[in-house]
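Student: Give me the fold of what follows.
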Amino acid sequence: MHFAFYDLETSGISPAFDQPLQFAAILTDAEFREIERINLRCRIAPHIIPSPWALAVTGVRPAQLVDPALPTLFEFTQEISALIERWSPAIWTGFNSIRFDEEMLRQAFYQNLQPDIFATQFNGNSRFDILTALYAVWYRQPDLFDWPVDETGRVRFKLDRMAPLNGFTAHDAHDALGDVEATIHIACQIAQRAPGLWAELLANRDKGHVQASLATFQPMALVERFGGGLPRATVGCFCGTSPSNPNQAAFFDLDAADPADLLVADDAALFAAVDATPKVIRSVTVNKSPALLSVAAPSAEQLRRAEMIANAPEFCARVGQALAARFPEDPVAPTPPVEKQIYGGFYSHADKALLAEFQRVDWPRRQEIVATLSDSRLRQLGRRLVAFYAPELLSAEEGGQFEAWLRERWSAPASDTVEWTGLAKAYQALADMRAKGAASPEAIDEIAVYLRRFET
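Tutor: Take a look at the predicted model:
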């Protein structure tokens, strides 16, 4: 199996309201020998104001955001989609990729009407995350690496610190291709120095393997990291699956409580075990390559408690119900923005066929396709794309509506309730950057000049 190591540099940190600006990937064989590499950049979409902090970190200049020599975001997603298809099957691997890059890439596909937003998981593809692997290394074999420590004494699991400290001397940090090369270096070190651990982690990219491991009800170690703390392991066993989401499994902390106390508990107590802090019952997302490891010598008490759960199927069913009840839908809640509706249901076969055609034809035909889509999310996103890239096709009324929407998006207040970057938030960031000396005065001035284009 080949590895497809990849990384994105983006306009900000919100998958729903920012976008990729750079996509870099290196295809390797199972021994990390390079087969092919690619490095793509694109222009910024018309409605997005980039975070000045993101521009400072990545070194992207405002002129690059509007460079006509670069593809549009729509064309960029077409190139990436074609690449994923050409490199399939592969293990799509990054550093914190499942939590961030994968979500950003899915949103880019979704908002640009790619027919398969889960391309890195289908057609023989799977996903793997080297940051999750590092957490497992810290737990199982901490002497494998030198660990970077900040000025407060905290261990930092940052790629730009880990890679140079452990033998990678050519790291171009915060450039997507440089981060890909550094990620490959860390992956190679884990695989060579701890092949058993590497194989165990790599097997977890297959959700069927994770489900089968959990179904044994044997004590296992789930390694996780919360906030800025150190990774830690919960020794537990499987105790149910959410009926509303088969990818969410329940995991009972065998050291935190005796399951006998919960087998006869009422629903409120069971819900508290799932939802309270600290949790007795955690959730495991089986299709996100969890760091779920074998336990060499579980204690007699851990084995006894795990066996009790294995023999209590009704308890496991009730736990699954409690897991599903953690995030109930609010029937009176306002409809979220279309960007936040990405997981609101799978596309129909007819719509997927129309989306495939949408990618191949010209804009007049695309406008016709948008009007025939049955999914209201896709119609809204499609009308937006036509307005972005073929505004001459809009009626005067549609053009006015689009301009009003743009002004509303750009003029959003600098509020925590607003997830995207508007002008107020961007100028506030520039002021913070000046006060902290986070970028050169010239770079800040250049961004300020760029932002003025959104004031008209």
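
Student: helices and strands around the longest helix along the chain, which ones?
Tutor: Looking across the chain with DSSP state H, the single longest helix is helix 176-193. Counting contacts by 3 or more Cβ pairs under 8 Å, 6 or more residues apart in numbering; DSSP states H and E, helix 176-193 is packed against strand 2-10, strand 20-28, strand 34-41, strand 90-94, helix 130-140, helix 159-165, helix 195-203. Any C-beta I mention is one placed from the backbone N, CA and C, and that applies to glycine too.

Student: List the buried residues of the third one.
Tutor: Taking 16 or more other Cβ atoms under 10 Å as the basis for neighbour counts, the residues of strand 34-41 that come out buried are 38, 40-41.

Student: That strand pairs with which strands?
Tutor: If you go by DSSP bridges, strand 34-41 pairs up with strand 20-28 (antiparallel).

Student: Kindly calculate the angle that the strand it pairs with makes with strand 2-10.
Tutor: With axes from the mean of the first three to the mean of the last three Cα atoms, to 10 degrees applied, the angle from strand 20-28 to strand 2-10 works out at 160 degrees.

Student: Among the helices and strands packed on helix 176-193, which comes closest to Asp255?
Tutor: Closest to Asp255 of the helices and strands packed on helix 176-193 is helix 130-140 (Cβ to Cβ; 14.8 Å).

Student: Between helix 176-193 and that closest one, find me the angle.
Tutor: 30 degrees.

Student: Could I get the CA-only coordinates of helix 130-140 as PDB?
Tutor: Presented in PDB, the C-alpha positions along helix 130-140 are these (Å, rounded to 0.1, in the frame of the first residue of the first chain):
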ATOM      1  CA  ILE A 130       1.000  11.100  12.600                       C
ATOM      2  CA  LEU A 131       0.100  13.400  15.500                       C
ATOM      3  CA  THR A 132      -2.100  10.700  16.900                       C
ATOM      4  CA  ALA A 133       0.800   8.200  16.400                       C
ATOM      5  CA  LEU A 134       3.100  10.600  18.300                       C
ATOM      6  CA  TYR A 135       0.700  10.600  21.300                       C
ATOM      7  CA  ALA A 136       0.800   6.800  21.300                       C
ATOM      8  CA  VAL A 137       4.600   6.900  21.200                       C
ATOM      9  CA  TRP A 138       4.600   9.200  24.200                       C
ATOM     10  CA  TYR A 139       2.500   6.700  26.100                       C
ATOM     11  CA  ARG A 140       4.100   3.400  25.000                       C
END
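
Student: Show me what it is in contact with.
Tutor: 93-99, 144-145, 147, 155, 157, 159, 162, 183, 186-187, 190, 194, 197-198, 201, 221, 223-225, 230-233, 289-291, 293 (Cβ atoms under 8 Å, 6 or more residues apart in numbering).

Student: All the helices of the stretch 301-450 of the chain, residue numbers only.
Tutor: Under the criterion DSSP state H, counting those that start in this stretch, helices of the stretch 301-450 of the chain are mapped to 313-324, 349-358, 363-372, 376-389, 396-410, 423-436, 441-451.

Student: need the ones you listed in a markdown table with mean pLDDT, can you?
Tutor: Shown next, in a markdown table, are the helices of the stretch 301-450 of the chain (pLDDT from 0 to 100):
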| stretch | mean pLDDT |
| --- | --- |
| helix 313-324 | 94 |
| helix 349-358 | 98 |
| helix 363-372 | 98 |
| helix 376-389 | 98 |
| helix 396-410 | 97 |
| helix 423-436 | 96 |
| helix 441-451 | 96 |
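
Student: Identify whichever of those lies nearest to Pro46.
Tutor: For Pro46, the closest of the helices of the stretch 301-450 of the chain is helix 376-389, at 5.1 Å, according to Cβ to Cβ.

Student: neighbours around Ala431, how many?
Tutor: If you count neighbours by other Cβ atoms under 10 Å, Ala431 ends up with 12.

Student: Look up how far Ile48 lies from it.
Tutor: The span separating Ala431 from Ile48 equals 21 Å under the rule Cβ to Cβ, to the nearest Å.

Student: How about Met104?
Tutor: Distance of Met104 to Ile48, computed by Cβ to Cβ: 12 Å.

Student: more neighbours, the two?
Tutor: Between Met104 and Ile48, counted using other Cβ under 10 Å, the more crowded position is Met104 (22 against 19).

Student: and that one, what pLDDT?
Tutor: Looking at Met104, its pLDDT is 98.

Student: out of everything not next to it in sequence, what's closest to it?
Tutor: Pro15 (4.5 Å; Cβ to Cβ, 6 or more residues apart in numbering).

Student: Might one say that that neighbour is in contact with Gln111?
Tutor: No. Under the criterion of Cβ atoms under 8 Å, Pro15 is not in contact with Gln111, lying 10.2 Å apart.

Student: contacts for the lowest-mean-pLDDT helix or strand in the chain?
Tutor: None of the helices or strands of the chain scores lower by mean pLDDT, DSSP states H and E than helix 267-275, at a mean of 88. Applying Cβ under 8 Å, 6+ apart, the set of residues contacting helix 267-275 from outside is 250, 257, 262, 265, 279-281, 283, 318-319, 322-323, 325-326.
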